[in-house]
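> Give me coordinates for this.
(2 chains)
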Amino acid sequence: MTDATERLVNLALFLATAREPVSTERIRSEVAGYPTGQDDDAFERMFERDKEVLRQTGLAIEATPEGLNRLDASATFATEVTLSPTDAAVVRTVGAALLDDPAFPFADDLRYAITKVAALEVSPTPALSRLADEDPETQGAHVAELSAAATARKRVTFGYVNSAGEPRTHEVEPYGLFVREGRWYAVGRDTELDEARVYAVSRMSDLSLNASRPKSPDFERPADFDVAAFIGLPFQYGPDEPFEVTIGFDPGILWRAQALTSGFGTFVLNGEGDDATATWAVTARNRRRLLRWVIGNGPGIHIVSPLELRGELKVGLAEVVNAHE
Amino acid sequence: MSSASRNSSHAVRARRLLALMHHLEPDSVTPVPDLAEALGVSEQELAADLELLSVCAADRYDPLTNVPLYVEDGLVHVFGKMPALDRAVRLTSAEAHALVTALQAVGRGSDDPLVTALIAASSGVDTGEVERVVRTAVSPDAGPYTVLASAAARRERVCIDYQGLGDPEPRARTIEPLAMQSERGAWYVHAFCREAGALRTFRLDRIRTAEPTGAHFTPHRFDATGAILPSENLPRAVIAFAPGVTPPEREWPGSHVIQIDAPGTVVAVPYAGTAWIAREVASFLGDAVVLEPFEVREAVASFVTGETNPCRRIV
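As a prediction, the model looks like this:
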């Protein structure tokens, strides 16, 4: 008896070699694997299921107006791209890192994508990834479900413990996802609060997708939605009222400024060449985290304003010295 | 196993076999381990897949449409052309989505030439739309990832300018890159440092420049442990936090709480050098105090009063 996998491959090969659209009856008789003596309805269900499986691998299988079957070659095959050895190494190495990272929820699809686009001659550099550090398996599984819900525009419900330790059930229309400093976050409209909120995925439990009418979307994502608008630097989350801070970069650290500022705020370069400095105006919500950021990324970074924050830093550092002398 | 699970496993396997076909070069002989490594599957799994593929055919009545391969003595023999599907199939939308989000993680955004070339050739997916919905990296810049990943693949030495913690200026080093690692969004390279004569780990966003030297190397033995800083054999500092201040356990690898009693929390923190821990403690501005050892207490005080103090302009 022919294995079901073998039947699927046989069908793919048959359709790919057919010079013209073929009838379902011909497929039934010429493709090895369809049981003889199978009743018509059972065959029809099996055949439709097989075509759907092959479509999900990227094969564009169509029905002609006459009810014949064909593989649309132009929609099936990729234009050949020859990656440079450098680009191939980039692709293979990121694959090596993320395919075994349980917090990366798209590993299966990434494996097939890399197999399709990258030549195999370039061996990947050994690589590891740990996108999330708290229960990465659960975070990865939840993100996979949330991503599927965002794609299908289906509402989700989950239990959630907020930062104050209060548990509550939320119904959310998931718009997007991001990972920051070892945690995945979901952004979506909380249907009870009627506003977009950010939820740490590691704090979710009993996540479930609205199973009713699975092929009908429950909501539409706002046309101008961009998950980047919800991502902040460590000092942009916190209990304080938002305030503006200006930070100065000395010449010696200017080369790191792009990575450190990550495109947030307003960055102004002063001067040119080796003596150039820069100022960066950005909104903050957590004074302590901001001061930690300045110390952690220096030397060469200083607070220009507000002046009282400079004073707070000065007093704090004096306390450090007093405590350790 | 349920009927749905069986169908799903057949679908997964069929997807694997179809993805494999365009890599089987006509009239070639390839060791199974090489192909398995390249495809990221086990040798047993690949051998079983090839066995199954060898009995597949486009037309059950035409033996010339069989997949022309056999496996013998650990070698994959392909003795003709594939009957079909010998070209790469376009990416499904889920595959394109996965590839875009993966490349994001190494700083290749939706407008990066590599991303746009790959996706344009193989998928109709709007890369910008993917990026507006999922972000696997905060910063659009992953530093010299490309140079280091490709140099590691070629086993080529790289000269880097590296700004270590506490160094006022970047210092030149020649390294032999062995492995890449992403940890909570930051990329690192594990390498043999020729200046230090030992294995070292460098954070990519502290590498100012990276230039391949053209000189090649034989890799040193390196076992990736999964930890950026293996902490088992390191000394530990004992640090007391003020009441109400939460120790940053997630940011301090290997640290653990040893006392939660009032008036504050006390943690033990492994450290490889005093520069890192002194800076971390100082950044708490008096809310964290090193109890022991003396060398770390001294390092904290020196950090604030010394020349490398990041805030010396105002203190």
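
> I'd like to know how far residue B:195 sits from residue B:162.
Residue B:195 sits 10 Å away from residue B:162, going by C-beta to C-beta, to the nearest Å. Any C-beta I mention is one placed from the backbone N, CA and C, and that applies to glycine too.

> Walk me through the domains of chain A.
Chain A breaks down by automatic domain parsing into domains covering A:4-76, A:136-231, A:235-324.

> So residue B:195 and residue B:162 - more neighbours on which side?
Neighbour totals were compared for residue B:195 and residue B:162, and residue B:162 leads with 21 against 12 (other C-beta atoms under 10 Å in any protein chain shown).

> sorry, back to before: between residue B:195 and residue B:162, what contacts are shared?
residue B:173 (C-beta atoms under 8 Å, 6 or more residues apart in numbering or on different chains).

> closest to residue B:34 out of the domains of chain A?
Evaluated over the domains of chain A, closeness to residue B:34 peaks at domain A:4-76, with 22.9 Å, by C-beta to C-beta.

> Pull up the distance across that closest one, start to finish.
End-to-end distance of domain A:4-76: 22 Å, with C-alpha to C-alpha, to the nearest Å as the criterion.

> Next: stretch A:178-186.
7 Å.

> which of the residues in that stretch are buried?
Within stretch A:178-186, the residues scored as buried using 16 or more other C-beta atoms under 10 Å in any protein chain shown are A:178-180, A:182-186.

> so which of the residues you listed are also by chain B?
A:178-180, A:182 (C-beta under 8 Å from any C-beta of the partner chain).

> now the strands for the chain?
Here I'm looking at chain A. In chain A, the strands defined using DSSP state E lie at A:61-63, A:69-71, A:127-130, A:156-161, A:167-180, A:183-190, A:195-200, A:204-209, A:243-249, A:266-270, A:277-284, A:301-305.

> look at chain B instead
Using DSSP E, the strands of chain B run over B:28-31, B:69-72, B:75-78, B:134-135, B:156-162, B:171-183, B:186-193, B:198-203, B:207-216, B:236-241, B:256-259, B:266-270, B:288-292.

> any idea which of the ones you listed scores lowest on pLDDT?
Lowest mean pLDDT within the strands of chain B: strand B:256-259, at a mean of 86.

> For that strand, give me every contacting residue.
B:238, B:247, B:249, B:265-268.

> And stretch A:163-173, by the same measure?
By C-beta under 8 Å, 6+ apart, stretch A:163-173 touches A:153, A:155-162, A:186, A:188-192, A:197, A:199, A:218-219, A:221.

> Go through the ones next to chain B among the buried residues of stretch A:178-186 and name the one nearest residue B:109.
Closest to residue B:109, out of all of these and judged by C-beta to C-beta, is residue A:178, at 13.6 Å.

> so who does the closest one touch?
Per C-beta under 8 Å, 6+ apart, neighbours of residue A:178: A:184-185, A:187, A:227-228, A:230-231, B:134-136, B:138.

> For it, list each beta-bridge partner.
Assessed by DSSP bridges, residue A:178 has beta-bridge partners residue A:185, residue B:135.

> So for it, what's the pLDDT?
96.

> how near is it to residue B:124?
24 Å.

> can you check residue A:42 too?
Distance, residue A:42 to residue B:124, by C-beta to C-beta: 35 Å.

> And for residue B:271?
Taking C-beta to C-beta, one finds residue B:271 at 51 Å from residue B:124.

> Tell me which of these two has more neighbours.
residue B:271 (23 against 11).

> ok, and the closest non-adjacent residue to the more buried one?
Excluding the flanking residues, the one nearest residue B:271 by C-beta to C-beta, 6 or more residues apart in numbering or on different chains is residue B:277, at 4.2 Å.

> how many neighbours does the one you found have?
25.

> re earlier: check the buried residues of stretch A:178-186 and tell me the two furthest apart.
Farthest pair in the buried residues of stretch A:178-186, by C-beta to C-beta: A:182 and A:186, 15.4 Å.

> And the pLDDT at residue A:194?
Looking at residue A:194, the pLDDT reads 95.

> what domains does the record give for chain B?
Taken from automatic domain parsing, chain B resolves into B:3-78, B:93-133, B:145-216, B:236-305.

> for the ones you listed, which one ends up most surrounded?
For the domains of chain B, average neighbour numbers computed from mean count of other C-beta atoms under 10 Å in any protein chain shown are highest in domain B:93-133, which has a mean of 21.

> quick one, helices of the chain?
Since you didn't name a chain, this refers to chain A. Assigned by DSSP state H, chain A shows helices spanning A:4-17, A:24-30, A:40-55, A:73-76, A:85-98, A:107-117, A:136-152, A:257-261, A:287-297, A:307-324.

> my question was about chain B
Residue ranges of the helices in chain B, as given by DSSP H, are B:3-21, B:32-39, B:43-53, B:93-104, B:113-122, B:127-133, B:145-154, B:274-282, B:294-305.

> which helices and strands sit right next to the fifth one?
What it means is helix B:113-122. Contacts defined by 3 or more C-beta pairs under 8 Å, 6 or more residues apart in numbering or on different chains; DSSP states H and E place helix B:113-122 against helix A:85-98, helix A:107-117, helix B:93-104, helix B:127-133.
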